[in-house]
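Participant: one predicted model, sequence on top.
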Amino acid sequence: MQLLPGYERAIIPTEKFSNYALNPAVAPDKAIAFEMALGYTIKDAERLIHNIRSHLGDFPCNEKGDIGYGMTYEVLMLLIGRNGRSAFVLTAWIKDVKNDELRLTSAYVKKRKEG
């Protein structure tokens, strides 16, 4: 199983969740999906980040290629939310060529595990 390279030092910007994925005014579909599936709302950004970070080493990554900004990856994670329910969350990452940082670029709830 190939893990996300450098996952232990991965940067997960709080703003990706508080200003976007969990913010119903900005990304209503993502925000509703996170709340319905895992019980996370905009005030739970840090809890969701902790959940993702705690389980990054548990799931394989898929290398998606480099289009000039750095190698990109996906990690499909099965997470248990604050409501006790589980759901698949697809996380996307980039190993930025400018600063050599591994950073989360996107996260969303998937309806079911797909290939």
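Facilitator: Now that the structure is in, tell me what you want to look at. Model, not experiment: these values are computed from the prediction.
Participant: distance between whichever helix or strand Ala92 is part of and the chain's centre?
Facilitator: Assigned by DSSP states H and E, Ala92 belongs to strand 86-96. Distance of strand 86-96 from its chain centroid, counting by C-alpha atoms, centre = their mean, to the nearest Å, is 4 Å.
Participant: buried stuff in it?
Facilitator: 87-89, 91, 93-95 (16 or more other C-beta atoms under 10 Å). Yep, even glycine has a C-beta here, placed from its N, CA and C like the rest.
Participant: how close does the residue lying closest to Gly68 once chain neighbours are set aside sit to Arg103?
Facilitator: Of all residues not flanking Gly68 in the chain, Val97 sits nearest, at 7.9 Å (C-beta to C-beta, 6 or more residues apart in numbering). For Val97, the distance to Arg103 equals 12 Å [C-beta to C-beta, to the nearest Å].
Participant: what do you get for Ile11?
Facilitator: Note on Ile11: its distance to Arg103, by C-beta to C-beta, is 4 Å.
Participant: show me the contacts for Met1.
Facilitator: The contact partners of Met1, by C-beta atoms under 8 Å, 6 or more residues apart in numbering, come to Pro60.
Participant: following the strand or helix carrying Met36, which helix or strand comes up?
Facilitator: In this assignment (DSSP H and E), Met36 forms part of helix 28-38. Later in the chain than helix 28-38, the nearest helix or strand by DSSP H and E is helix 45-55.
Participant: give the buried residues for the following helix or strand past the strand holding Ala92.
Facilitator: The first helix or strand that comes after strand 86-96 along the chain, using DSSP H and E, is strand 102-110. The neighbour-count criterion (16+ other C-beta under 10 Å) identifies 102-104, 107, 109 as the buried residues of strand 102-110.
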